[in-house]
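1. coords please:
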Amino acid sequence: MAFDLTGLTAYVDEQREELIERLVFKGKTLPMLAPLTGVKSATDVHRLNDSVIFADGDSCGFTATGDTTLSKRTLTVGRIKVNKSWCPEELEAKWTQIRLRAGSYYDENDLFAEIATAAINRINSQMETAIWQGDTTSGNQNLLHFDGFLKLITAGSGYTTATGSGSLAINDTNIRTIMQNIYNDIPAELLDYLDDDLVLFAGNDTIRTYQIKLANDNLYHYNGEEQDFDLMVENTRLKATGVPGLNGTNKIVVARKSNMFFGTDLENDYENFDLWYSKDDQVIKMASKWKAGVQFGHLEEVVYFAGA
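-> Coordinates of the predicted model:
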């Protein structure tokens with residue numbers, strides 16, 4: 001029942017592009033962000049604000065009116081790597097279980113795929129948290145490689161602080177009031193983006209509290225059919241989506257997805273994923289590395305709530 005490790009390198013060579021794609025771009029939040037590739041260390045997110053002034057059309061001539069302001073925010077990526085190892089003897093039991101599954105034939109590639117998937121899923125989970133909670137001054141090794149969205153908000157200026165932020169706790173008594181306050185505090189010009197771009201982000205724990213409250217209050221417009229912690233804020237077209245990266249934070253953020261950027265490289269050989277059998281150590285090793293960072297384009301378009 002032993003498995004053959006000679007095919008491990010060939011498997012990774014064949015699957016490397018897909019593995020790197022899964023490594024860098026998966027998770028709940030990442031697919032919703034605007035990607036910026038080719039970022040070696042930092043890049044500018046350029047912003048344009050324009051004003052238009054109507055002039056009298058009865059006269060001839062040309063007089064320019066209105067102002068155009070160009071500005072930028074800098075997205076800085078951190079270099080991240082993960083190294084892991086597995087003892088083949090410890091994987092023997094796993095391999096035996098795979099081979100004994102009914103109904104299908106399995107070869108060694110199935111075990112290699114399970115090893116890679118388990119590693120990537122764990123990396124995705126940690127990246128999901130870093131995207132929101134990253135802080136280069138953090139004492140948490142998994143959070144200090146780049147500043148996440150929460151740090152970018154609180155370290156910046158111009159965003160809208162939602163009514164009750166810092167004073168209302170997120171619980172089943174207040175959650176409906178909090179959601180209504182946040183919706184009411186969204187700048188009016190952003191309401192044009194409700195159908196496909198503007199999103200309320202909260203932890204799965206916060207969305208669960210909201211779902212249960214709506215159900216317990218017998219609000220018949222809520223039918224419980226929403227999936228993956230996604231639902232509409234009651235009596236609005238604002239989509240509320242739960243993201244694991246905000247779990248336990250008691251923070252809520254409203255922003256346009258197109259205003260939230262994720263930077264990485266992908267244009268050179270820095271991003272990599274390798275699995276191999278080391279004869280020296282007699283273990284299976286994994287080495288992965290990538291670059292990552294986030295930034296808002298317009299912080300003034302963000303609404304922020306922090307629970308008490």
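2. list the buried ones in the longest strand along the chain?
-> Scanning the chain for the strand with the most residues, using DSSP state E, yields strand 283-296. The neighbour-count check on strand 283-296 (16 or more other CB atoms under 10 Å) flags 283-286, 288-296 as buried. Bear in mind the C-beta positions are built from the backbone N, C-alpha and C, glycine included.
3. just the helices in this structure please.
-> 8-25, 88-99, 108-133, 149-154, 175-185, 204-216 (DSSP state H).
4. list the strands paired with the longest strand of the chain, with their directions.
-> Strand 283-296 sits in its sheet next to strand 78-86 (antiparallel), strand 260-263 (antiparallel), strand 272-278 (antiparallel), going by DSSP bridges.
5. using CSV, lay out the ones you listed together with distance to residue 243, mean neighbour count and mean pLDDT.
-> Converted to CSV, these look like this (distance: least, CB to CB, whole Å; neighbours: other CB atoms under 10 Å; pLDDT from 0 to 100):
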stretch, distance to residue 243, mean neighbour count, mean pLDDT
strand 78-86, 20, 14, 90
strand 260-263, 11, 23, 95
strand 272-278, 24, 17, 82
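6. can you add distance to residue 162 and give those back as JSON lines?
-> Listed next are the strands paired with strand 283-296 as JSON lines, based on distance: least, CB to CB, whole Å:
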{"stretch": "strand 78-86", "distance to residue 162": "29"}
{"stretch": "strand 260-263", "distance to residue 162": "18"}
{"stretch": "strand 272-278", "distance to residue 162": "40"}
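7. coming back round to it: rank the helices of the chain by pLDDT, which is bottom?
-> Here the lowest mean pLDDT among the helices of the chain goes to helix 88-99, at a mean of 65.
8. circling back to that earlier point, in TSV, list the helices of the chain along with distance to residue 34 and mean neighbour count.
-> As requested, the helices of the chain are exported to TSV (distance: least, CB to CB, whole Å; neighbours: other CB atoms under 10 Å):
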stretch	distance to residue 34	mean neighbour count
helix 8-25	12	16
helix 88-99	39	13
helix 108-133	13	19
helix 149-154	13	20
helix 175-185	23	19
helix 204-216	23	18
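9. how about the ones you listed, which one is nearest residue 75?
-> Of all the helices of the chain, it is helix 149-154 that lies closest to residue 75, at 9.7 Å by CB to CB.
10. still on that earlier bit, of the strands paired with strand 283-296, which is nearest residue 230?
-> strand 260-263 (16.9 Å).
11. which residues touch the closest one?
-> Contact partners of strand 260-263, identified using CB atoms under 8 Å, 6 or more residues apart in numbering, comprise 30, 32-37, 39, 43, 45, 75-77, 131, 149, 291-297.
12. residues contacting the residue nearest to residue 284 when sequence neighbours are not counted?
-> Leaving aside its sequence neighbours, residue 284 sits nearest to residue 86 (CB to CB, 6 or more residues apart in numbering; 4.5 Å). Residue 86 makes contact with 115, 283, 284, 286, according to CB under 8 Å, 6+ apart.
13. biggest separation within these, which pair?
-> 115 and 283 (11.9 Å).
14. chain center to stretch 174-192: distance?
-> Relative to the chain's own centre, stretch 174-192 is displaced by 22 Å; criterion: CA atoms, centre = their mean, to the nearest Å.
15. kindly report the same for stretch 235-249.
-> Relative to the centre of its chain, stretch 235-249 is centred 12 Å away, using CA atoms, centre = their mean.
16. same thing with stretch 135-151?
-> Worked out by CA atoms, centre = their mean, stretch 135-151 lies 14 Å from the chain centre.
17. please apply the same query to stretch 252-270.
-> Mean-position distance between stretch 252-270 and its chain equals 8 Å (CA atoms, centre = their mean).
18. kindly report the same for stretch 168-180.
-> On CA atoms, centre = their mean, the centre of stretch 168-180 falls 24 Å from the chain's centre.
19. contacts for it?
-> Stretch 168-180 has contacts (CB under 8 Å, 6+ apart) with 162, 164, 181, 200, 206, 209-210, 212-214, 216-217, 233-234, 240, 250, 252, 305, 307-308.
20. hmm, try it at 7 Å
-> For stretch 168-180, the surrounding residues in contact (CB atoms under 7 Å, 6 or more residues apart in numbering) are 164, 206, 209, 210, 212, 213, 233, 250, 305, 307, 308.
21. run a quick neighbour tally on the last one.
-> So the one you mean is residue 308. Applying other CB atoms under 10 Å, we find 12 residues neighbouring residue 308.
22. give the contact list for it.
-> 166, 167, 168, 169.
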